[in-house]
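Visitor: how would this look folded up:
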Amino acid sequence: MAALSTDVPIGVVGAGTMGAGIAQVAAAAGHPVLLWDAAAGAAQAARSRIGAALDRAVDQGRLSAAERAAISARIEACHGLDALAPAGLVIEAIVEDLDAKQQLFEALEALLEPTAILASNTSSLSITALAAKLEHPERVVGLHFFNPAPRMALVEVVRGLVSAPAALATVRATVEAWGKTPVEVRSTPGFIVNRVARPFYGEALRALAEGAAEVATIDAVMREAGGFRMGPFELIDLIGLDVNLAVSRSIHAAYHYDPRYAPSLIQKDLVDAGWLGRKAGRGFYDHSAGTAPPPTQTAAPAPPPQRIMVEGELGIAAPLLERIAESGIAVERRSGEGLIRLGDLRLVLTDGRAATEWSHMLDRPVATFDLAQDYASCTRLALAPADQTSAEQLQPAIGLLQSAGIAVSVIDDLPGLLVMRTVAMLANEAAETVQAGVASAAGVDTAMRLGVNYPRGPLAWAEEIGLKRVLEVLDHLRRSYGEERYRASWLLRRKVMAKGRFHG
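Guide: Numbering: from 1, shown residues only. So this is what the prediction gives:
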């Protein structure tokens with residue numbers, strides 16, 4: 001199916017941040033755009049904001065003055081909904097309210113040509129429900145853009161129960177012609193990104209609630225070891241604690257209060273206090289002018305050992321040994337369980353068991369270390385000592401990592417630590433999404449890379465770690481906590497038993 005011709009007008013209803021961004025995208029692609037908002041003057045104000053954004057693009061050399069003028073001239077601020085009648089595609093970006101959107105679609109159905117497509121930019125509502133009251137519900141699809149729409153590449157193309165394949169194919173081709181990457185998804189709560197991303201916030205909030213580490217340290221580990229562009233608390237502050245909590249509550253309720261999506265009481269308490277993040281000047285961080293960021297917990301320099309004994313294989317952490325050897329520490333090898341011996345201390349890549357459990361099993365002092373997105377280049381790792389491990393016994397492990405140029409954040413004994421448990425949970429949620437037929441494995445990974453800038457798609461990342469280890473992490477977390485929150489996806493378990501993969 002071909003994309004809509006650039007001669008076809010695009011209607012946009014709602015002139016807020018998302019509506020204005022979508023209007024700019026369509027106009028930049030060459031379409032005439034009909035922009036309308038129920039609030040008097042809102043469409044014209046949005047057109048002015050778009051003009052200012054285009055001016056900045058000209059100043060930065062990303063647009064010529066002629067291109068800027070042409071894009072702006074294609075956007076018409078309309079004074080009534082009936083002005084959208086010529087549109088071949090209308091995208092609504094109004095308040096996230098089912099009744100309001102249904103009423104709008106009923107009004108649009110009476111105005112538009114029978115071949116016109118109705119699309120919703122909803123991030124959480126059912127496309128099936130939005131279309132249910134129309135005479136021709138098959139013309140309704142979801143087009144979920146991400147903010148800011150002109151810059152973000154991903155568009156979730158959402159199919160409702162009766163969305164016509166031709167309509168879906170047309171909007172897929174159209175958003176692709178607009179320079180975006182469409183990923184088709186079945187209409188389910190949270191679609192792909194808002195659903196699969198919940199553990200990124202949820203596991204950090206859980207670690208904070210358990211006193212494993214402070215906010216700044218958790219964020220630093222997730223950035224500098226995990227490779228995420230922002231730490232979870234930095235991102236929540238940017239999104240808004242109230243907005244993030246509302247999404248968590250919505251998905252929790254929509255999935256019949258599944259414990260995997262349970263919101264955090266800490267976050268609720270901050271919202272109740274009015275600490276909503278950057279927009280309020282305070283959230284998990286104090287954003288007041290002149291306020292210094294809180295310190296990240298980083299271990300003081302410790303003497304490195306002269307040699308280490310590596311027992312067995314370290315799997316994904318093998319590049320760490322190369323960095324250690326390059327620092328001048330002798331690395332000896334022998335068969336074993338996959339750990340590093342430092343005198344009496346055993347250093348173990350986390351498999352979801354607490355260091356205290358490892359220490360009990362081995363009858364030795366133990367510390368577990370966290371997952372890194374790339375052990376060859378990471379600049380920080382989290383280290384968790386067992387309750388049986390003294391501060392003095394931990395020093396060789398700290399010195400070892402520091403010798404490889406890695407800052408060490410010593411956290412409390414948290415099963416799965418920070419990065420590993422988060423990635424395992426992201427991969428688990430991604431696997432559930434694939435098993436439910438919501439999207440393909442490739443679609444899920446693409447959506448998470450482009451929609452929230454993850455360094456890896458969670459399923460591809462799980463394959464790099466090893467699906468067996470990811471499953472072990474989840475099973476050990478479930479046993480440690482005794483909670484269904486950490487139950488493993490049956491699809492993930494099947495892949496492990498069959499020695500299969502999600503990709504290839």
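
Visitor: give the contact list for residue 462.
Guide: 423-424, 427, 430-431, 470, 492, 502 (Cβ atoms under 8 Å, 6 or more residues apart in numbering). No exception for glycine: its C-beta is placed from N, CA and C like everyone else's.

Visitor: same thing with residue 402?
Guide: 299, 301-302, 304, 408.

Visitor: Swap in 7 Å and give it another go.
Guide: Contact partners of residue 402, counting by Cβ atoms under 7 Å, 6 or more residues apart in numbering, are 301-302, 304, 408.

Visitor: With residue 486 instead?
Guide: Per Cβ under 7 Å, 6+ apart, neighbours of residue 486: 474, 477-478.

Visitor: One more: residue 337?
Guide: Applying Cβ under 7 Å, 6+ apart, the residues near residue 337 are 311-312.

Visitor: Out of the contacts of residue 402, flag the one nearest to residue 152.
Guide: Checking the contacts of residue 402 against residue 152 by Cβ to Cβ gives residue 408 as the nearest, at 35.1 Å.

Visitor: For the residue nearest to that closest one when sequence neighbours are not counted, identify the helix or strand it belongs to.
Guide: Nearest non-adjacent residue to residue 408, counting by Cβ to Cβ, 6 or more residues apart in numbering: residue 299, 4.2 Å away. For residue 299, there is no helix or strand it lies in under DSSP states H and E.

Visitor: My guess is residue 299 contacts residue 397. True?
Guide: No: with contact defined as Cβ atoms under 7 Å, residue 299 does not reach residue 397; the gap is 9.5 Å.

Visitor: Neighbour count for these two, which is higher?
Guide: Higher neighbour count among residue 299 and residue 397: residue 397, with 29 against 17, using other Cβ atoms under 10 Å.

Visitor: quick one, what contacts that one?
Guide: 342, 345, 347, 367, 383.

Visitor: Next one: the second one, what pLDDT does it get?
Guide: Going back to what we said before, that points to residue 345. Predicted confidence (pLDDT) for residue 345: 96.

Visitor: so what's the residue lying farthest from the centre of the chain up against?
Guide: Distance to the chain centre peaks in the chain at residue 306, reaching 41.1 Å (criterion: Cα atoms, centre = their mean). Going by Cβ under 7 Å, 6+ apart, residue 306 touches 329-330.

Visitor: Let's have the contacts of residue 486 in a markdown table, adding neighbour count, secondary structure and distance to residue 272.
Guide: A markdown table is the format used below for the contacts of residue 486 (neighbours: other Cβ atoms under 10 Å; DSSP: H, G, I helix; E, B strand; the rest coil; distance: Cβ to Cβ, whole Å):
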| residue | neighbour count | secondary structure | distance to residue 272 |
| --- | --- | --- | --- |
| 474 | 24 | helix | 32 |
| 477 | 26 | helix | 29 |
| 478 | 16 | helix | 31 |
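
Visitor: Would you mind giving these as TSV with distance to residue 110 and pLDDT added?
Guide: Formatted as TSV, the contacts of residue 486 follow (distance: Cβ to Cβ, whole Å; pLDDT from 0 to 100):
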residue	distance to residue 110	pLDDT
474	51	98
477	53	98
478	53	98
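
Visitor: List the residues that contact the nearest residue to residue 181 once chain neighbours are set aside.
Guide: Using Cβ to Cβ, 6+ apart and skipping residues adjacent in sequence, the residue nearest residue 181 is residue 153, 4.8 Å away. Neighbouring residues of residue 153 by Cβ under 7 Å, 6+ apart: 180-181, 450.

Visitor: Mind checking which of those are buried?
Guide: Among the contacts of residue 153, the ones that count as buried by 16 or more other Cβ atoms under 10 Å are 180, 450.

Visitor: quick one: which of the contacts of residue 153 is nearest to residue 270?
Guide: Distances from residue 270 to the contacts of residue 153, taken by Cβ to Cβ, are shortest for residue 450, at 29.4 Å.

Visitor: for that closest one, helix, strand, or coil?
Guide: Assigned with DSSP: H, G, I helix; E, B strand; the rest coil, residue 450 falls in the helix class.

Visitor: Rounded mean pLDDT for stretch 202-217, please.
Guide: For stretch 202-217, the per-residue pLDDT averages 98.

Visitor: re earlier: now, the most widely separated pair of the contacts of residue 402?
Guide: Most distant of these, by Cβ to Cβ, are 304 and 408, 11.7 Å apart.

Visitor: which regions of the stretch 251-400 of the chain lie under the pLDDT threshold?
Guide: Scanning the stretch 251-400 of the chain for pLDDT under 70 picks out no residues.

Visitor: Show me the strands in the stretch 401-504 of the chain, by range?
Guide: Using DSSP state E, counting those that start in this stretch, the strands found in the stretch 401-504 of the chain span residues 407-410.

Visitor: got the contacts of residue 486 as a markdown table, with distance to residue 98 columns?
Guide: Below are the contacts of residue 486 laid out as a markdown table (distance: Cβ to Cβ, whole Å):
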| residue | distance to residue 98 |
| --- | --- |
| 474 | 35 |
| 477 | 36 |
| 478 | 35 |
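
Visitor: any idea which of those residues is the one closest to residue 361?
Guide: residue 477 (16.9 Å).

Visitor: ok, the closest one touching residue 416?
Guide: Yes: taking contacts as Cβ under 7 Å, residue 477 lies within contact range of residue 416: 5.4 Å.

Visitor: And the residue nearest to residue 181, what's its pLDDT?
Guide: Residue 153 is given a pLDDT of 96.

Visitor: Just the buried residues of stretch 338-345, please?
Guide: Within stretch 338-345, the residues scored as buried using 16+ other Cβ under 10 Å are 338-342, 345.

Visitor: my bad, stretch 268-282
Guide: For stretch 268-282, the neighbour count (16+ other Cβ under 10 Å) marks 270-271, 275-278, 280, 282 as buried.

Visitor: ok, now stretch 452-467?
Guide: Neighbour-count burial for stretch 452-467 [16+ other Cβ under 10 Å]: 452, 454, 456-463, 465, 467.

Visitor: what do you get for stretch 371-384?
Guide: By neighbour count on 16+ other Cβ under 10 Å, the buried set for stretch 371-384 is 371-373, 375, 378, 380-384.

Visitor: quick one: contacts of it?
Guide: Here stretch 371-384 makes contact (Cβ under 7 Å, 6+ apart) with 220-221, 224-227, 317, 319-320, 323, 355, 367-370, 397-398, 401, 406-414, 417-420, 423, 455-456, 465.

Visitor: Export only the CA atoms of it, formatted as CSV.
Guide: Extracted in CSV, the C-alpha atoms of stretch 371-384 (Å, rounded to 0.1, in the frame of the first residue of the first chain):
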residue,chain,number,x,y,z
LEU,A,371,26.0,-6.3,34.7
ALA,A,372,27.6,-3.8,32.3
GLN,A,373,26.3,-2.9,28.8
ASP,A,374,30.0,-3.1,27.7
TYR,A,375,32.6,-4.4,30.2
ALA,A,376,35.3,-3.2,27.8
SER,A,377,34.4,0.5,28.2
CYS,A,378,32.1,0.9,31.3
THR,A,379,33.3,3.5,33.8
ARG,A,380,31.4,2.3,36.9
LEU,A,381,30.2,-1.0,38.4
ALA,A,382,28.0,-1.7,41.4
LEU,A,383,29.5,-4.2,43.9
ALA,A,384,27.4,-5.8,46.7
